[in-house]
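Novice: just a sequence and a predicted model for now, questions to come.
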Amino acid sequence: MSRPRGNKESEIRAALAKLRGGFGAIVALSAFINLLTITGSLYLMLVYDRVLPAQSLPTLFSVFAMILIAYAFYGVFDVMRSKMLADVAASLDRSLSGRVQAIEARIALERPEAKEQVSPVRDLDQLRAFIASAGPPALIDLPWILLFLIILTAVHYWLGVVTLVGMLGLAALTLVAERVSGRHVAAVAQAAAKRRLLADRQWRHAEIITALGMRDRLMLQWRRIHHDYLDQQATLTDTTATLSGISKVARMVLQSVVLTVGAMLVIDGKATAGIIFASSILSGRALAPVDSAIANWKHFVGARQAWARLDTLFGQVPPPVGERTELPAPSKSLTVDNLSLTPPGSQLTNVAGVSFQAQAGQVVGIIGPSASGKSSLVRGVLGVWKAAKGAVRLDAAAIQQWDSETLGRSIGYVPQSVELFAGTIAENIARFEVGAPSEAVIAAAKAAGVHELIVQLPGGYDLQVGEDGQQLSAGQRQRIALARALYRDPFLVVLDEPNSNLDPDGEVALARAVAGVKARGGIVLLVAHRREILSVVDLLLVMRGGTAQAFGPRDEVLAKLAPPPQQPPRSDPVTRDGSGGKGPGGLVVSKKAGQ
């Protein structure tokens with residue numbers, strides 16, 4: 001990934017700035033809500049100082065009716081504020097979700113090992129959840145403490161002094177919460193990421209774990225990590241609960257102190273009983289936002305950390321700037337020029353300086369022993385892995401000049417590990433194109449020789465394949481993946497060991513599909529281990545140790561790979577060098593190979 005963009009404005013701040021109208025309304029509602037909180041204290045003061053001395057029931061009922069109206073407005077405004085916060089949070093999510101999804105996809109390609117440690121989608125969820133929670137109202141209400149302090153001081157300066165001392169004490173407690181919670185929230189997030197990573201591994205590899213008797217040992221690992229997570233979570237909860245409890249006790253003590261000071265003022269004839277009781281309630285209400293802020297502080301810290309991570313990722317992955325010049329779809333040639341590749345998350349180069357060229361209507365076979373760089377090479381050709389050095393060109397233009405979505409329409413790909421997605425067979429073949437015409441889907445299936453197989457399945461093209469295509473056999477998945485690769489006649493078709501799970505009928509269908517791409521002027525890159533499929537190849541690239549050992553017409557390259565005749569001939573297939581007739585390319589070859 002690229003470096004952050006320096007001091008450029010935060011995209012999150014820019015998105016929030018567009019919602020300033022909503023935030024303005026929330027702040028206005030908060031003002032009314034805080035003013036209405038004085039209602040209870042005012043009612044108490046009126047009852048003590050006006051109603052009881054006058055012994056007037058009409059006055060009591062009139063004041064009570066006004067208080068009920070005030071409380072009704074308080075409830076309405078509070079509900080409105082909560083709903084507006086939820087709307088603002090959802091609007092922020094909608095404005096950033098596209099960028100976040102794009103970054104998540106890029107991280108999956110460039111940093112697959114960071115799956116659980118880095119998740120912009122999860123960070124955006126955390127930020128949205130905090131905005132819609134009780135945390136922001138607590139923070140918005142904090143400045144209103146000054147209003148209550150002014151009112152108490154206006155009643156008597158000693159009431160203001162006592163309340164101010166309590167405020168400073170709780171402010172210090174808030175700073176402690178900030179420092180302690182930040183450390184524990186980070187520890188909990190790290191422990192949770194480790195737990196998710198191990199749980200995901202057990203889910204994905206359940207079959208091999210069961211077959212090899214590894215379940216108990218891996219469960220022991222999971223329990224160890226899970227217990228660490230529980231310990232960190234308990235520490236965070238205990239810390240937050242302790243700070244929140246201290247805050248509540250301090251507020252109650254402060255109310256009692258204010259009441260005590262008020263009683264002294266009453267005895268001294270400087271205040272009435274109603275004013276003192278109202279002041280006690282008002283002082284407790286003044287510090288209630290501090291209680292709420294401390295109780296929600298861990299969520300605030302988590303949201304702030306999520307914000308920081310998102311800002312970093314947004315800086316590392318700049319958004320597209322302006323309109324991209326749209327090149328015509330490739331139709332002439334593929335050029336790989338001195339290509340070197342380093343797998344994501346690795347420092348080791350596994351493809352070094354590979355060059356070859358193919359023209360429209362040619363099939364390039366790529367052979368070599370295991371771990372020779374064949375699959376890595378085709379990932380680089382497709383642009384899935386970024387080139388550490390060199391370039392890949394279609395019709396002389398580097399593939400980076402195309403938008404990946406646009407270029408994807410001109411590419412077909414069957415990976416070594418076939419992956420289908422939850423949905424119907426037709427949706428998978430059409431690459432989930434909205435409104436895909438049935439004619440194009442069926443044409444791709446026929447080009448792959450899988451139409452007859454599909455219509456014999458229950459539900460035919462509308463069969464739900466399940467996640468990862470679990471409703472189909474390995475061979476069926478591979479043949480449907482081939483149809484997906486051929487959808488809408490792409491120019492470049494890359495097939496990475498496409499016959500690994502095929503029966504003889506599937507092999508024949510594959511050969512016909514490759515011939516069909518060749519006949520319509522496409523280019524095929526065919527990674528192969530089996531010799532039989534090489535009959536459809538025009539050019540052959542031999543890989544070994546991440547480098548190209550040979551490239552040229554098929555028959556010429558195979559002739560170079562064929563071992564020299566052995567004298568005297570042996571009755572067994574093992575050659576004098578023990579290779580069993582295998583050439584440097586890792587295939588069983590002979591002089592007649594590929595004929």
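Specialist: Nice, thanks for sending it over. Numbering: from 1, shown residues only.
Novice: just the strands in the stretch 401-550 of the chain please.
Specialist: Applying DSSP state E, counting those that start in this stretch to the stretch 401-550 of the chain gives strands spanning 411-414, 492-496, 523-527, 539-544, 547-553.
Novice: turn those into JSON lines, columns for distance to residue 258, mean pLDDT and mean neighbour count.
Specialist: For every residue, glycine as well, the C-beta is placed using N, CA and C. Output for those, formatted as JSON lines (distance: least, Cβ to Cβ, whole Å; pLDDT from 0 to 100; neighbours: other Cβ atoms under 10 Å):
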{"stretch": "strand 411-414", "distance to residue 258": "73", "mean pLDDT": "94", "mean neighbour count": "24"}
{"stretch": "strand 492-496", "distance to residue 258": "76", "mean pLDDT": "95", "mean neighbour count": "25"}
{"stretch": "strand 523-527", "distance to residue 258": "80", "mean pLDDT": "96", "mean neighbour count": "26"}
{"stretch": "strand 539-544", "distance to residue 258": "82", "mean pLDDT": "94", "mean neighbour count": "24"}
{"stretch": "strand 547-553", "distance to residue 258": "82", "mean pLDDT": "94", "mean neighbour count": "17"}
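Novice: low-confidence bits of the protein, can you list those?
Specialist: Counting by pLDDT under 70, the chain has low-confidence residues at 1-8, 112-117, 177-178, 181-182, 201-213, 321-322, 563-595.
Novice: need the strands of the stretch 401-550 of the chain in CSV with distance to residue 84, can you?
Specialist: Listed next are the strands of the stretch 401-550 of the chain as CSV, based on distance: least, Cβ to Cβ, whole Å:
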stretch, distance to residue 84
strand 411-414, 46
strand 492-496, 51
strand 523-527, 55
strand 539-544, 61
strand 547-553, 62
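Novice: ok, residue 540 touching residue 363?
Specialist: No. Contact criterion Cβ atoms under 8 Å: residue 540 and residue 363 do not qualify, at 9.7 Å.
Novice: and the helices in the stretch 151-300 of the chain?
Specialist: Assigned by DSSP state H, counting those that start in this stretch, the helices in the stretch 151-300 of the chain fall at 157-204, 206-211, 215-267, 273-295, 297-316.
Novice: list the buried residues of stretch 521-537.
Specialist: Buried positions in stretch 521-537, judged by neighbour count with 16 or more other Cβ atoms under 10 Å: 522-529, 531, 533-534, 536-537.
Novice: gap between the two ends of that stretch?
Specialist: One end of stretch 521-537 sits 14 Å from the other (Cα to Cα, to the nearest Å).
Novice: how far away from the center of its chain is it?
Specialist: 37 Å (Cα atoms, centre = their mean, to the nearest Å).
Novice: at which residues are the helices of the stretch 351-500 of the chain located?
Specialist: Under DSSP H, counting those that start in this stretch, the stretch 351-500 of the chain gives helices at 374-382, 404-408, 425-429, 438-447, 451-455, 474-485.
Novice: next, the angle from the fourth one to helix 474-485.
Specialist: Counting by axes from the mean of the first three to the mean of the last three Cα atoms, to 10 degrees, helix 438-447 lies at 130 degrees to helix 474-485.
Novice: pull the CA atoms of helix 438-447 into PDB?
Specialist: Output of helix 438-447 as PDB, limited to C-alpha atoms (Å, rounded to 0.1, in the frame of the first residue of the first chain):
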ATOM      1  CA  SER A 438     -30.100 -16.100 -20.400                       C
ATOM      2  CA  GLU A 439     -28.800 -16.500 -23.900                       C
ATOM      3  CA  ALA A 440     -25.300 -15.300 -22.800                       C
ATOM      4  CA  VAL A 441     -25.300 -17.700 -19.800                       C
ATOM      5  CA  ILE A 442     -26.300 -20.700 -21.800                       C
ATOM      6  CA  ALA A 443     -23.800 -19.800 -24.600                       C
ATOM      7  CA  ALA A 444     -21.000 -19.800 -22.000                       C
ATOM      8  CA  ALA A 445     -22.200 -23.100 -20.600                       C
ATOM      9  CA  LYS A 446     -22.200 -24.600 -24.100                       C
ATOM     10  CA  ALA A 447     -18.800 -23.200 -24.800                       C
END
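Novice: who does it touch, helix- and strand-wise?
Specialist: If you count contacts as 3 or more Cβ pairs under 8 Å, 6 or more residues apart in numbering; DSSP states H and E, helix 438-447 packs onto helix 425-429, helix 451-455, helix 474-485.
Novice: could you do the last one as well?
Specialist: Contacting helix 474-485 under the criterion 3+ Cβ pairs under 8 Å, 6+ apart are the following elements: strand 411-414, helix 425-429, helix 438-447, helix 451-455, strand 492-496, helix 504-519.
Novice: dump those to a markdown table, plus distance to residue 53.
Specialist: Converted to a markdown table, the helices and strands packed on helix 474-485 look like this (distance: least, Cβ to Cβ, whole Å):
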| stretch | distance to residue 53 |
| --- | --- |
| strand 411-414 | 88 |
| helix 425-429 | 80 |
| helix 438-447 | 87 |
| helix 451-455 | 91 |
| strand 492-496 | 92 |
| helix 504-519 | 99 |
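Novice: buried ones in stretch 9-23?
Specialist: Those would be 10-12, 15-16, 19, 22-23, for stretch 9-23 by 16+ other Cβ under 10 Å.
Novice: okay if I get those as JSON lines plus secondary structure and distance to residue 66?
Specialist: Compiled in JSON lines, these are given as follows (DSSP: H, G, I helix; E, B strand; the rest coil; distance: Cβ to Cβ, whole Å):
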{"residue": "10", "secondary structure": "coil", "distance to residue 66": "46"}
{"residue": "11", "secondary structure": "helix", "distance to residue 66": "48"}
{"residue": "12", "secondary structure": "helix", "distance to residue 66": "44"}
{"residue": "15", "secondary structure": "helix", "distance to residue 66": "42"}
{"residue": "16", "secondary structure": "helix", "distance to residue 66": "38"}
{"residue": "19", "secondary structure": "coil", "distance to residue 66": "36"}
{"residue": "22", "secondary structure": "helix", "distance to residue 66": "31"}
{"residue": "23", "secondary structure": "helix", "distance to residue 66": "31"}
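Novice: out of those residues, which one sits closest to residue 240?
Specialist: residue 12 (25.4 Å; Cβ to Cβ).
Novice: where does the record place the domain boundaries for the protein?
Specialist: 11-316, 411-489 (automatic domain parsing).
Novice: for residue 323, which of the ones you listed is the nearest?
Specialist: Comparing these by Cβ to Cβ, domain 11-316 comes nearest, at 16.8 Å.
Novice: outside of stretch 382-402, which residues touch it?
Specialist: If you take Cβ atoms under 8 Å, 6 or more residues apart in numbering as the criterion, stretch 382-402 is touched by 109-110, 325, 327-328, 330-344, 349, 353-355, 376, 379-381, 404, 407, 410-411, 413, 491-492, 494.
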